[in-house]
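>>> Dropping the sequence and predicted coords here.
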Amino acid sequence: ILSAAKIRAVSTMANEEECPGNIKRQLAKIFEISLRETVPSESDEEPLVAACGGKFGDYQCNNAMGLFKKIKGKNTAFKSPNSVGQAIANNLPQSEMVESCSVAGPGFVNVVLSKAWLAKSIQKMLIDGIQTWAPKLSIKRAVVDFSSPNIAKEMHVGHLRSTIIGDSLARMLEFSNVEVLRRNHVGDWGTQFGMLIEFLFEEFPKWEDENDVPIQDLEKFYKQSKKRFDEDPAFKEKAQQAVVSLQGGEAKYRKAWTKICEVSRNEFQKVYQRLGVQLEEKGESFYNPYIPRVLEALDNKGLVEESEGARVIFVEGRNIPLIVVKRDGGYNYASTDLAALWYRLNEENAEWMIYVTDVGQHEHFEMVFDAGKRAGWLPSDDNTYPKATHVGFGLVLGDDGKRFRTRSSEVVRLVDLLDEAKNRGKAALIARGKEEVWTNEELEQTAEAVSYGAVKYADLKNNRLTNYTFNFDQMLNDRGNTAVYLLYAHARICSIIRKSGKDVEELKKVGEIALDHSDERALALHLLQFSEVVEEAGANLLPNVLCEYLYNLSECFTKFYTNCPVVGSSQETSRLLLCEATALVMRKCFHLLGITPVYKI
Ligand code: ARG
């Protein structure tokens, strides 16, 4: 006869298949069984399992102390938190994952994972693919609203951050089998278009000629028209009239607007293409027709009030309301975002809406989301879907500690910045003698992978909320925590495998991994932590968590490779498989960070 715990253990085995690569979740499952057995009265106690990496074990269950507090004084045989810990350890069902279990201090239950299980799990991933290590999410569709520059203005480093961070978040969700609508919410609507259109008419009378791109330098065009607008009252008058004509849908104005947007769009596209970022544009103008309906619905719920001539929505805990119709009757950024939120929820059926902008817009989004909650579109509890999340980020600073600018204190053009990164990256490869041994194409591709990767990684490795200093020398250094170092580390692993002359695909089928050396075991454990790290990075929308994991992985590998000979050793097969698994996990990390891997250096 099986004891109750054992029966439940058997039934959870099937569930383990849900996330075979996720140590933490699998351990949590068996600890949950033990917790129910140990203290049946606290049946909703969630298992608290964390990696610890100390000398006592690999993982720790930390429930004993809290549980003891809850049951103390009630009818219980337990005398101390430690005795609760002992019981949790004793009641832990048999599992092939666990080698041993011990209790330390006030009741920490430490688990040493089984080497055989670690080895087997990695072998399984090598055969079934790393997709089997993807975290599972309970949602099907998400919107990631990122990049979102403004038409007729240059994309600046803030938009670069949004593009890089947003792309990485989208990739993590996609890896977790979530369908991601990658939205470019470009600023393509608003009063500035009146002045731009009027200026286009005046300065480029032949603007309708299809073969002639009228506006080469949009930034200059924007500045000049702004100057006219500010200095020339007659022009200003016409510009204001132009807005009315545009919004009224007059053909000529629509056409001019389309033209201006097109020029901008082509410029943005150059940056996206270089960075390998996919986006689908649904700009502010797209939501414009929805605004009246959405505001009417909000009004019907009694949410819209009159305030100093404007129409506003008050949200709890804030003195200033969200203005949704300006005093002149026009709509604004907030009305557009309300319509977009409505659209994403109701037309696109997205369950998670993620907005990636600088922290300066945090309040705006909080107010829009709060209005959505008041309207009953979003649950008031932030832990349930559908939910909307603002992902803020800090500034990019120059070496002088001030906002990143060019020497003439202009906004840095992103194409120029990427050009410079690439030139520097290429020069470094040439200095390593690669021009002689590689084809020109190889040189170009590697230079791009390394330098754009470096720009992305330098951004992503910081906690996004902090400001970071943009420094080419640092990000392109081949030592330290940089993409260059990591890409080279990956290429080196590939070259170890190549030089062995062995067919890894064959080895995967017949070979076995043994983890006898402590550095082999440490590497294997780190590899297996990939899944829970991606889950954490995704859940908290923090790509830096994944960067840190990747950097540590490469350190684990270096240690392993320094102390464990691979090619020609008696453990060659096992160690080549560890090399292959490391390369695979590294590549998946690169992929999730939007970095293109290189295979040789
Ligand atoms: N265009 C805005 C800017 O450059 C960002 C838009 C962000 N997305 C949104 N739904 N408001 O600051």
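Done, it's in.
>>> now the strands: where do they sit in the stretch 251-400 of the chain?
Using DSSP state E, counting those that start in this stretch, the strands of the stretch 251-400 of the chain run over residues 280-281, 304-307, 310-313, 322-325, 352-358, 387-393, 396-397.
>>> I'd say P20 and K120 touch.
No. P20 is beyond contact range of K120, at 10.6 Å (criterion: Cβ atoms under 8 Å). Where C-beta positions appear, they are placed from N, C-alpha and C, glycine not excepted.
>>> Just list the residues touching the closest residue to the ligand within the stretch 1-150 of the chain, thanks.
Evaluated by Cβ to the nearest ligand atom, the stretch 1-150 of the chain has S148 as its residue closest to the ligand, separated by 3.6 Å. By Cβ atoms under 8 Å, 6 or more residues apart in numbering, the residues touching S148 are H159, S162, R183, N184, H185, V186, G187, T357.
>>> Show me the one in those residues that has more neighbours than the rest.
Highest neighbour count within the contacts of S148, by other Cβ atoms under 10 Å: R183, with 27 neighbours.
>>> Please name the nearest non-neighbouring residue to it.
In this structure, R183 finds its nearest non-sequential neighbour in D145, 4.6 Å apart by Cβ to Cβ, 6 or more residues apart in numbering.
>>> So what pairs up with the one you found in the strands?
D145 has these beta-bridge partners by DSSP bridges: R183, Y355.
>>> which bits of the chain sit near the ligand?
Proximity of the chain to the ligand, by Cβ under 6 Å from any ligand atom, involves residues D145, S148, P149, N150, H185, G187, D337, A340, Y355, T357.
>>> Tabulate these (TSV), appending pLDDT.
Below are these laid out as TSV (pLDDT from 0 to 100):
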residue	pLDDT
D145	98
S148	97
P149	95
N150	92
H185	98
G187	95
D337	98
A340	98
Y355	98
T357	97
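>>> Tell me which of those residues fall in helices.
If you go by DSSP state H, the residues of the chain next to the ligand have D337, A340 in helices.
>>> Need the residues of the chain next to the ligand in a markdown table (columns: distance to E237).
Shown next, in a markdown table, are these (distance: Cβ to Cβ, whole Å):
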| residue | distance to E237 |
| --- | --- |
| D145 | 35 |
| S148 | 31 |
| P149 | 29 |
| N150 | 24 |
| H185 | 31 |
| G187 | 24 |
| D337 | 30 |
| A340 | 32 |
| Y355 | 36 |
| T357 | 34 |
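>>> Need phi/psi at E99.
Note on E99: backbone dihedrals following degrees, to the nearest 10 are phi -90, psi -50.
>>> repeat for the one 3 residues further on
Backbone torsions for S102, taken as degrees, to the nearest 10, come to phi -140, psi 160.
>>> In this structure L592 contacts R171, no?
Yes. With contact defined as Cβ under 8 Å, L592 counts as touching R171 (4.9 Å).
>>> ok, the residues of the chain next to the ligand vs F68, which is closest?
When the residues of the chain next to the ligand are compared for distance to F68 (Cβ to Cβ), Y355 comes out closest, at 42.7 Å.
>>> any idea how far the closest one lies from A447?
34 Å (Cβ to Cβ, to the nearest Å).
>>> before we move on, what about F235?
From F235 over to A447 the distance is 46 Å, taken as Cβ to Cβ.
>>> ok, the two, which is more surrounded?
Set side by side, F235 and A447 show more neighbours around A447, with 22 against 18, by other Cβ under 10 Å.
>>> Surely the more buried one is in a strand?
No. Counting by DSSP: H, G, I helix; E, B strand; the rest coil, A447 is located in no strand; its state is helix.
>>> what's the nearest residue to it if we skip its chain neighbours?
Closest to A447 by Cβ to Cβ, 6+ apart is K426, at 3.8 Å.
>>> burial of the one you found, as a residue count?
For K426, the count of nearby residues is 19 (other Cβ under 10 Å).
>>> Shouldn't it be within a strand?
No. Secondary structure of K426 (three-state DSSP): helix, not part of a strand.
>>> give the contact list for the residue positioned nearest the centre of the chain.
Geometric centre of the chain, nearest residue: L169, 2.2 Å, by Cα atoms, centre = their mean. Each residue near L169 by Cβ under 8 Å, 6+ apart is listed here: V144, F146, I354, V356, V391, G538, L541, P543.
>>> Not counting its neighbours along the chain, what's nearest whatever residue of the stretch 401-550 of the chain ends up closest to the ligand?
Closest residue of the stretch 401-550 of the chain to the ligand, Cβ to the nearest ligand atom: V411 (12.3 Å). Once flanking residues are discounted, V411 sits nearest to H156: 4.7 Å by Cβ to Cβ, 6+ apart.
>>> Would you mind confirming that the one you found is in contact with V415?
No. Using Cβ under 8 Å, H156 makes no contact with V415, being 11.9 Å away.
>>> So which of the two has more stuff around it?
H156 (20 against 14).
>>> hey, C-alpha coordinates of stretch 436-450 in CSV?
What follows is stretch 436-450 as a C-alpha-only set of coordinates in CSV (Å, rounded to 0.1, in the frame of the first residue of the first chain):
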residue,chain,number,x,y,z
GLU,A,436,43.3,38.1,-44.5
VAL,A,437,41.5,34.9,-43.5
TRP,A,438,37.9,35.8,-43.9
THR,A,439,35.8,36.7,-46.9
ASN,A,440,34.6,40.3,-47.0
GLU,A,441,31.1,39.0,-46.3
GLU,A,442,32.2,37.2,-43.2
LEU,A,443,34.0,40.2,-42.0
GLU,A,444,31.0,42.5,-42.5
GLN,A,445,28.5,40.0,-40.9
THR,A,446,30.7,39.4,-37.9
ALA,A,447,31.4,43.1,-37.4
GLU,A,448,27.7,43.8,-37.4
ALA,A,449,26.8,40.9,-35.1
VAL,A,450,29.5,41.9,-32.6
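>>> Averaged pLDDT, that stretch. What do you get?
Taken as a whole, stretch 436-450 has a mean pLDDT of 96.
>>> Now do it: distance to the chain's middle.
Taking Cα atoms, centre = their mean, to the nearest Å, the mean C-alpha location of stretch 436-450 is offset from the chain mean by 28 Å.
>>> Kindly report the same for stretch 412-432.
Remark: stretch 412-432 is offset 25 Å from the chain centroid, using Cα atoms, centre = their mean.
>>> Got the phi and psi for V111?
The phi/psi pair for V111 (degrees, to the nearest 10) reads phi -120, psi 130.
>>> quick one: contacts for it?
By Cβ under 8 Å, 6+ apart, the contact list for V111 reads L27, G57, D58, Y59, Q60, C61, V98, S100, C101.
>>> neighbour-wise, which of those leads?
Result: C61 is most packed of the contacts of V111 (other Cβ under 10 Å), 28 neighbours.
>>> any idea how far Q94 is from whatever residue of the stretch 351-500 of the chain ends up closest to the ligand?
Taking Cβ to the nearest ligand atom, the ligand has its nearest neighbour within the stretch 351-500 of the chain at T357, 4.8 Å off. Distance of T357 to Q94, computed by Cβ to Cβ: 50 Å.
>>> same deal with K120?
Distance of K120 to Q94, given as Cβ to Cβ: 16 Å.
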